[in-house]
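Asks: any chance you can model this:
(chains A, B, C and D)
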Protein chains: 2
Amino acid sequence: MTVMETTGTRTDICAAPPQQNRRPDGEDRYTISEVVAFTGLTAHTLRWYERIGLMPHIDRSHTGQRRYSNRDLDWLDLVGKLRLTGMPVADMVRYAELVREGDHTYVERFELLRTTREDVLARIDELRGTLAVLDRKISFYADAGHALASERSR
Amino acid sequence: MTVMETTGTRTDICAAPPQQNRRPDGEDRYTISEVVAFTGLTAHTLRWYERIGLMPHIDRSHTGQRRYSNRDLDWLDLVGKLRLTGMPVADMVRYAELVREGDHTYVERFELLRTTREDVLARIDELRGTLAVLDRKISFYADAGHALASERSR
DNA sequence: TAGAACCTTGGAGTGCGCTCCAAGCAAGCG
DNA sequence: CGCTTGCTTGGAGCGCACTCCAAGGTTCTA
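Replies: Numbers count the residues shown, from 1 in each chain, chains lettered A, B, ... in the order given. Purely as a prediction, here's the structure:
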């Protein structure tokens, strides 16, 4: 039972002010455990991302151990943000493929970003609707002294 | 292969202006397929919600078929909203239990609603952060004519 | 130089939220 | 009456996104 995990709730990782404990040196060859510390992802997940093609092939040391670059960390930042929107991993893999395929996929990438943007706007709107419902319910609970409150709000 | 499904994308169900095609009559004893039409959930899911305790025991016809009330539909509305926030089903079941247990769970319910509200606010903020990243990337793509665009934004 | 801590791989396992199945009962229609 | 359509149940199955395992090689610290 190795240690790992236990760092952060995995959902608010990217909510923290960026560039906080990242890029601690000017170096460009981070070990997997350093990347775990920076991103809050597990080593398992990092290797899995690579296997499924969500990451480019990560550079290796002479003995075959992963050495992540700043560019890789930038990519993980983007992936983290997209993950927060609920975008399926398969879609992110698709985007990664487009990037690997080169400049001629420019238009498709652009479209993908724009539809994702629309999705995010829609999700924010949904959440605002939910917030309104919660606020109504909360003020109902706050008002009704607790005397006759048995879930008949609205 | 029965029909069902195919109605709506399931994510924007509750985003539609409420009271739209709901409560079509003054009646209070909707069949499961009517509820499927109103909510966009599948009949499978509705039965499953009941099995796991996310719904109260639904009233039955003399032959044992479910007859949903307007109150049940209200509850499904709330569940739909909470689902959009990413709240785990187990937590919603917990809330449902509190409601069933009666008035003395008032404080706990209130707290649950308030923490959920905070979570929603946090999620909206995360999404706004993602939106900012997407906007930066999109304007990068828009500017760089497509000539030398090979994923080196930021 | 020993030992702990860390890294590698392919493949199997897990938890969540559904999703479907089989077998059978009930209601409406030509 | 037979047929179609819709409903019932418990339990099995599925897709996603990880999560972990076993067996072994590497790197760091004392």
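Asks: touching DNA strand D at all, the helix or strand containing A:Glu126?
Replies: Assigning secondary structure by DSSP states H and E places A:Glu126 in helix A:106-143. No. Helix A:106-143 does not reach DNA strand D (CB under 7 Å from any atom of the strand); its nearest approach is 13.5 Å. The way it works is simple: take the backbone N, C-alpha and C, and place the C-beta from them, glycine included.
Asks: what's the answer for stretch A:38-49, then?
Replies: Yes. Stretch A:38-49 comes into contact with DNA strand D (CB under 7 Å from any atom of the strand), by way of A:Thr42, A:His44, A:Thr45, A:Arg47, A:Trp48.
Asks: which stretches in chain A count as strands?
Replies: For chain A, strands defined by DSSP state E do not occur.
Asks: which of the residues of stretch A:38-49 next to DNA strand D sits closest to chain B?
Replies: Distances from chain B to these, taken as CB to the nearest CB, are shortest for A:Thr45 (18.6 Å).
Asks: burial check on the closest one, number of neighbours?
Replies: Residues lying near A:Thr45 (other CB atoms under 10 Å in any protein chain shown) number 14.
Asks: dump the residue contacts of it.
Replies: Shown in contact with A:Thr45 (CB atoms under 8 Å, 6 or more residues apart in numbering or on different chains): no residues.
Asks: state the pLDDT value of it.
Replies: Per-residue pLDDT puts A:Thr45 at 98.
Asks: ok, the one 5 residues further on next?
Replies: Predicted confidence (pLDDT) at A:Glu50: the value is 98.
Asks: neighbours of it, how many?
Replies: 15.
Asks: so what touches stretch A:119-133?
Replies: Applying CB under 8 Å, 6+ apart, the set of residues contacting stretch A:119-133 from outside is A:85-87, B:11-12, B:14-15, B:77-78, B:81-82, B:84-85, B:117, B:120-121, B:123-124, B:127-128, B:130-131, B:134.
Asks: pull out the buried members of those residues.
Replies: Buried subset of those (neighbour count, 16 or more other CB atoms under 10 Å in any protein chain shown): A:85, A:87, B:11, B:14-15, B:77-78, B:81-82, B:84-85, B:117, B:120, B:123-124, B:127, B:130-131, B:134.
Asks: any idea how chain A splits into domains?
Replies: A:1-88, A:102-154 (automatic domain parsing).
Asks: now tell me which of those the model trusts least on average.
Replies: Mean pLDDT across those is lowest at domain A:1-88; the value there is a mean of 78.
Asks: could you give the number of residues near A:Asp59?
Replies: Per other CB under 10 Å, the neighbour tally for A:Asp59 reads 13.
Asks: just checking, it touches A:Asp28?
Replies: No. Look at A:Asp59 against A:Asp28 with CB atoms under 8 Å: they stay out of range, at 9.0 Å.
Asks: quick check: neighbours shared by these two?
Replies: A:Ser69.
Asks: for chain B, see how far away A:Leu73 is.
Replies: Distance of A:Leu73 to chain B, computed by CB to the nearest CB, to the nearest Å: 11 Å.
Asks: circling back: most neighbours out of the residues of stretch A:38-49 next to DNA strand D, which is it?
Replies: Most neighbours among the residues of stretch A:38-49 next to DNA strand D, by other CB under 10 Å: A:Thr42, with 16 neighbours.
Asks: could you check how far it is from A:Ser33?
Replies: 10 Å (CB to CB, to the nearest Å).
Asks: and if you look at A:Tyr49?
Replies: From A:Tyr49 to A:Ser33 the distance is 16 Å (CB to CB).
Asks: who's more crowded, those two?
Replies: A:Tyr49 (20 against 12).
Asks: okay, now the nearest residue in space to A:Leu82 that is not next to it in sequence: neighbour count?
Replies: Counting by CB to CB, 6 or more residues apart in numbering or on different chains, A:Leu82 lies nearest to A:Met92, which is 5.6 Å off, once chain neighbours are set aside. Neighbour count for A:Met92, taken as other CB under 10 Å: 20.
Asks: which residues does A:Met92 contact?
Replies: A:Leu54, A:Val79, A:Leu82, A:Arg83.
Asks: including distance to A:Ala96, could those go into CSV?
Replies: Formatted as CSV, the contacts of A:Met92 follow (distance: CB to CB, whole Å):
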residue, distance to A:Ala96
A:Leu54, 6
A:Val79, 9
A:Leu82, 11
A:Arg83, 13
